[in-house]
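A.B. asks: Sequence plus the predicted model coming up.
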Amino acid sequence: MDLLSVQGLCKQYEQFSLQDVSFTVRPGEIMGFIGRNGAGKTTTLKSLLNFVHPDCGEISFFGLPFAQNEQAIKQRIGFVSGGVDYYILKKLRTIADVTRAFYPTWDETVYRHFLQTFQLNDQKTPSQLSAGMKVKFNLALALSHHAELLILDEPTSGLDPVSRDDLLDVFLALAREGVSILFSTHITSDLDRCADRITYIRHGKILASDDMTAFVGAYRALELTEDQLTQAVREKVIGLKPAKHGYTAIAYADDAERLGLPVKPADLETIMVHVEKEDIV
Amino acid sequence: MKQLLKKEFRLAMHPTNYLFLLLSAMLVIPNYPYYVIFFYTALGLFFLCLNARETHDIPYTMVLPVRKRELVKARILFAVAIELSQFVVAIPFAILRQNLNIPGNQVGMDANLALFGLSLLMMGLFNLTFFPVFYGNPNQVGKAFIGGSTVVFFYIVVAEAMDHAVPFFRDQLDTPDPQFFMPKLFIVIGGAIGFALCNMLAYKLSAARFEKLDL
């Protein structure tokens, strides 16, 4: 059974729309949710938790429709939208005291464990924490009620590389313990490290939702000189753009092979940068 | 709901909510438009909601295992608790004012039972105006307060004018307790019923508007 199933989600705004967004998150996997700023990642995640009302579509967690089971579902998930940015002048201890009262499954031992692991002093206030520590406190709250699914909205944005790496270690450890993670980000290198599957949203539409290896394996990266840029090549490559010495592009793996040019495996960033350059859907 | 009220008390409550309760002591000022004292509590509710906006209370609470409309119910119940607390705190000062052996309030209504009844209705009307506007768009808390305080302003003007112009108000309600006890008691009961009805309607309207809101 899928932990999260989103089917045919749509939402119309004046200048933006989500169209037929569908994807699933399976038990124990890290699903990377990628797309550039404004692609619809946050609107999609907000729709999952009723922050935003979709115009159509079905959302279910653990096989239960969200609308009729909001409270029960929220007991089993954790939503972390960046760092703790609420009640920034209250002590962490006070915030945790209030939060724990909402969760019958709250495990104080687990909470203490994460405070220690993340080196968080609960006598401090959020305003006294670094950006990375703010995310970690939010994670500690989400994990202390044994959330089975974590929904993370750009948790690593604005963090330095070391803090980001620390957090990715935490995500990987959680996934090993069976926690599923839906991880929205535009920092694709984070997902290269930890994602099992990728859902790619572009202009409010899902471009792909696939296994990570299959997704990146479908493309090849090309570095081209002016001489190599024949009409046949131009027709097959995606997102051709100038680089320091010549041009870069990606191509579908089959097309790249047929072109007979030197290719490299494509990573998520390369795919995303070039796909966004191309006017394709 | 108990947990949400605890959250209101421990996280959301603004210091002015305590401070303005103490302004009930202004009932011992010999001549003053006493309705204004209760308006300070309304001002405190504005600070409570303004503070909630600035501290991102709604996004925090929305993630908790509660339904969206329960946020609204908890906030309105908390506001009602603060307002009723002020009435409780005000009672000893009203009794003290009546025993100071000085002439009755020359500005308007005396500090008596009728003042409490009419103030209950006034606070109910404030809540009925303020909360539906606030929950229609919590970012426009100022707009909600302008609406609520405008209603209170006109209510005070009309109530104090009636105190001078309408014989029933002037001769029976604006008198020291326990004179004309029964008419005043009816005003208190009517005010309490009005307060309850206004709050129920405020919740219905606010919850309906908040449910539709995209955050």
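C.D. replies: Here it is on my side, so go on.
A.B. asks: tell me which element A:Pro242 is part of?
C.D. replies: Taking DSSP states H and E as the criterion, A:Pro242 maps to strand A:238-243.
A.B. asks: if you skip the residues just before and after it, what's nearest to the most centrally placed residue in chain B?
C.D. replies: For chain B, the residue lying nearest the average C-alpha position, counting by CA atoms, centre = their mean, turns out to be B:Met123 (3.3 Å). Closest residue to B:Met123 apart from its sequence neighbours, by CB to CB, 6 or more residues apart in numbering or on different chains: B:Glu83 at 5.0 Å. C-beta here means a position set from N, CA and C on the backbone, and glycine is covered the same way.
A.B. asks: And A:Leu129, by the same measure?
C.D. replies: On the basis of CB to CB, 6+ apart, the spatially nearest residue to A:Leu129 that is not a chain neighbour turns out to be A:Phe137, at 6.6 Å.
A.B. asks: Could you report the neighbour count for A:Gln19?
C.D. replies: As a burial measure, A:Gln19 scores 16 neighbours (other CB atoms under 10 Å in any protein chain shown).
A.B. asks: Wait, it touches A:Ala39, no?
C.D. replies: No. In this structure, A:Gln19 is not within contact of A:Ala39 by CB atoms under 8 Å, at 11.8 Å.
A.B. asks: can you list residues touching both of those two?
C.D. replies: In the contact map built from CB atoms under 8 Å, 6 or more residues apart in numbering or on different chains, the residues linked to both A:Gln19 and A:Ala39 are A:Gly204.
A.B. asks: Touching, the residue nearest to B:Met123 and B:Gly44? I think so.
C.D. replies: No. In this structure, B:Glu83 is not within contact of B:Gly44 by CB under 8 Å, at 9.3 Å.
A.B. asks: Run through the strands of chain A in chain order.
C.D. replies: When assigned using DSSP state E, the strands of chain A occupy the ranges A:4-12, A:17-25, A:30-34, A:56-61, A:64-65, A:77-81, A:149-153, A:180-185, A:197-202, A:205-211, A:219-224, A:238-243, A:246-252, A:263-265.
A.B. asks: So which of these is nearest B:Gly117?
C.D. replies: For these, distance to B:Gly117 was read as CB to CB. The smallest value, 45.8 Å, belongs to strand A:77-81.
A.B. asks: A:Phe114 reaches A:Ala140, doesn't it?
C.D. replies: Yes. The pair formed by A:Phe114 and A:Ala140 meets the contact definition of CB under 8 Å, at 3.8 Å.
A.B. asks: what does the stretch 51-200 of chain A have sitting close to chain B?
C.D. replies: For the stretch 51-200 of chain A, the residues found near chain B under the criterion CB under 8 Å from any CB of the partner chain are A:51-53, A:70-72, A:74-75, A:79, A:81, A:85-90, A:94-95, A:97-99, A:101-103.
A.B. asks: Name the residues of stretch A:146-157 that come out as buried.
C.D. replies: Within stretch A:146-157, the residues that qualify as buried by neighbour count (16 or more other CB atoms under 10 Å in any protein chain shown) are A:Ala147, A:Glu148, A:Leu149, A:Leu150, A:Ile151, A:Leu152, A:Asp153, A:Glu154, A:Pro155, A:Thr156, A:Ser157.
A.B. asks: Return it as CSV; C-alpha atoms alone will do.
C.D. replies: Provided in CSV are the C-alpha atoms of stretch A:146-157 (Å, rounded to 0.1, in the frame of the first residue of the first chain):
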residue,chain,number,x,y,z
HIS,A,146,6.9,8.4,15.4
ALA,A,147,5.9,9.9,12.1
GLU,A,148,5.8,7.3,9.5
LEU,A,149,6.0,9.8,6.6
LEU,A,150,7.9,13.0,6.7
ILE,A,151,7.0,15.7,4.2
LEU,A,152,9.9,18.1,3.9
ASP,A,153,9.5,21.4,2.0
GLU,A,154,12.9,22.6,1.0
PRO,A,155,14.5,21.7,4.3
THR,A,156,18.1,22.3,3.1
SER,A,157,17.5,25.7,1.4
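A.B. asks: any idea which residue sits dead centre in chain A?
C.D. replies: Geometric centre of chain A, nearest residue: A:Ser184, 1.9 Å, by CA atoms, centre = their mean.
A.B. asks: A:Phe33: what's it in contact with?
C.D. replies: Taking CB under 8 Å, 6+ apart as the criterion, A:Phe33 is in contact with A:Phe23, A:Lys41, A:Thr44, A:Leu45, A:Leu182, A:Phe183, A:Ser184, A:Thr185, A:Thr199, A:Ile201.
A.B. asks: Kindly report the same for B:Leu84.
C.D. replies: Counting by CB under 8 Å, 6+ apart, B:Leu84 makes contact with nothing.
A.B. asks: element containing it?
C.D. replies: Taking DSSP H and E as the definition, one finds B:Leu84 inside helix B:68-98.
A.B. asks: Show me what counts as buried in stretch A:210-225.
C.D. replies: A:Asp210, A:Met212, A:Phe215, A:Val216, A:Tyr219, A:Arg220, A:Ala221, A:Leu222, A:Glu223, A:Leu224.
A.B. asks: Quick one: end-to-end distance for that stretch.
C.D. replies: 32 Å (CA to CA, to the nearest Å).
A.B. asks: quick one: pLDDT of the nearest residue in space to A:Ile201 that is not next to it in sequence?
C.D. replies: Setting aside the residues directly before and after it, A:Ile201 is nearest to A:Gly35 in space (CB to CB, 6+ apart), at 3.9 Å. A:Gly35 is assigned a pLDDT of 89 by the prediction.
A.B. asks: do the same with A:Asp169
C.D. replies: Reading off the confidence values, A:Asp169 has pLDDT 87.
A.B. asks: Compute the number of surrounding residues for it.
C.D. replies: Using other CB under 10 Å, A:Asp169 is surrounded by 12 other residues.
A.B. asks: Likewise for A:Arg112?
C.D. replies: Here the count is done by other CB under 10 Å, and A:Arg112 has 13 residues near it.
A.B. asks: what do you get for the one 5 residues further on?
C.D. replies: Other residues lying near A:Thr117 total 12 when counted by other CB under 10 Å.
A.B. asks: any idea how far it is from A:Asp166?
C.D. replies: Noted for A:Thr117: a distance of 10 Å to A:Asp166, by CB to CB, to the nearest Å.
A.B. asks: Next, the angle from the top helix by length along chain A to strand A:149-153.
C.D. replies: For chain A, the helix that runs over the most residues, judged by DSSP state H, is helix A:161-176. Our comparison of helix A:161-176 with strand A:149-153, counting by axes from the mean of the first three to the mean of the last three CA atoms, to 10 degrees, yields an angle of 160 degrees.
A.B. asks: if we can go back for a sec, pipe the contacts of A:Phe33 into TSV and attach pLDDT per row.
C.D. replies: Putting the contacts of A:Phe33 into TSV (pLDDT from 0 to 100) gives the following:
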residue	pLDDT
A:Phe23	93
A:Lys41	89
A:Thr44	92
A:Leu45	91
A:Leu182	93
A:Phe183	89
A:Ser184	90
A:Thr185	86
A:Thr199	94
A:Ile201	92
